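Asks: generate a structure from the sequence data that follows.
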Amino acid sequence: MLDVDCISVCYGQIRALRRVSLKVPRGSVVSLVGANGAGKSTLMMTIAGALRPTEGRIAFDGRPLPAGPHRVVAAGISLVPERRRLYANLTVRENLLMGAHLRRDREGIHADIDRLCGLFPILKERFSQYAGTLSGGEQQMVAIARGLMSRPALLLMDEPSLGLAPLITRQVFSIIADLRRQGTTILLAEQNAHQSLEISDYAYVLESGEVVLEGSGQVLLNDVRMQESYLGIRKKNGRPVR
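Replies: Numbers count the residues shown, from 1 in each chain. Predicted coordinates for the structure are as follows:
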């Protein structure tokens, strides 16, 4: 579905991504794993159309990715951004409607809101509440639901567990797994390497803007370099030690 081929991205004279390539097959969960500053958000923003690569190409469904975030959304890609970025002074309902701003099928929009309130019951309870008054976990549910309101073929999720308590983090990853089972294709950028690899079909590890490791989620979970550098596991006398 998504084919990123040798793209580089610069901020002025600083090269944030260096010839990065990846593929996201339809119906899969693919993860980008790496430390803060590795280039994960830059890559997500580039795919979302907010940044332009200085070299390389991005294809979506076999066609060049269109220029501009609104055209990328219209093509079928939606971003759930890092730190949620909700409209704090709008209600939950109004934030969901913002996610459907390119749609004109009013009945379908209301049907999707009902469906998402079933998927995220807290949305129904907070429907008329301002988004800025919600807890971090509740805001993340609204952000995911808002991203789904455009009916994307590909959902980009940038650090969905950032700043959340462990219990809420587990809930978020359970939701991601449910979305995959429902047929949503997901590209997930996460610092929480262990949990993201557990639910991923394939993963890419970024360091300083470059892909340094790749493989299936289970293969990378058992990779020694991955364990020592990202999972906090080292071996002593042949046994794993955290």
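
Asks: and the pLDDT at the residue lying closest to residue 74 once chain neighbours are set aside?
Replies: Nearest non-adjacent residue to residue 74, counting by C-beta to C-beta, 6 or more residues apart in numbering: residue 102, 5.6 Å away. In short, each C-beta sits where N, CA and C put it, glycine included. As summarised for this prediction, residue 102 has a pLDDT of 92.

Asks: can you check residue 234 too?
Replies: At residue 234, the pLDDT recorded in the model is 54.

Asks: relative to residue 82, how far out is residue 120?
Replies: Here the distance between residue 120 and residue 82 works out to 19 Å (C-beta to C-beta, to the nearest Å).

Asks: neighbour count: the two, which is higher?
Replies: When residue 120 is set against residue 82 and neighbours are counted by other C-beta atoms under 10 Å, the residue ahead is residue 120, at 21 against 18.

Asks: the residue nearest to the more buried one when sequence neighbours are not counted: what secondary structure?
Replies: Computed as C-beta to C-beta, 6+ apart, the closest residue to residue 120 that is not its neighbour in sequence is residue 141, at 4.5 Å. Per DSSP: H, G, I helix; E, B strand; the rest coil, the local secondary structure of residue 141 is helix.

Asks: so what's residue 141 up against?
Replies: The neighbourhood of residue 141, defined by C-beta atoms under 8 Å, 6 or more residues apart in numbering, consists of 120, 122-123, 175.

Asks: then residue 51?
Replies: When contacts are counted by C-beta under 8 Å, 6+ apart, residue 51 is found next to 9, 42, 45.

Asks: repeat that for residue 45.
Replies: The neighbours of residue 45, taking C-beta under 8 Å, 6+ apart as the test, are 51, 79.

Asks: confirm it sits in a helix?
Replies: Yes - the assignment for residue 45 by three-state DSSP puts it in a helix.

Asks: ok so, going back, A strand includes the residue nearest to residue 74, no?
Replies: No - using three-state DSSP, the secondary structure at residue 102 is coil, not a strand.

Asks: was I right to think it contacts residue 150?
Replies: Yes - the criterion here is C-beta atoms under 8 Å, and residue 102 meets it with residue 150 at 6.4 Å.

Asks: joint contacts of those two?
Replies: Taking C-beta under 8 Å, 6+ apart as the contact rule, residue 102 and residue 150 both touch residue 73.

Asks: which residue of these two possesses the greater neighbour count?
Replies: residue 150 (21 against 12).

Asks: contacts only, for the more buried one.
Replies: Residues counted as contacts of residue 150 (C-beta under 8 Å, 6+ apart) are 73, 78, 99-100, 102-103.

Asks: surely residue 10 is in contact with residue 54?
Replies: Yes - judged on C-beta under 8 Å, residue 10 makes contact with residue 54 at a distance of 5.3 Å.

Asks: compare neighbour counts for these two and give me the winner.
Replies: residue 10 (17 against 11).

Asks: what is the nearest of the contacts of residue 51 to residue 93?
Replies: Each of the contacts of residue 51 was checked against residue 93 using C-beta to C-beta; the closest is residue 45, at 27.1 Å.
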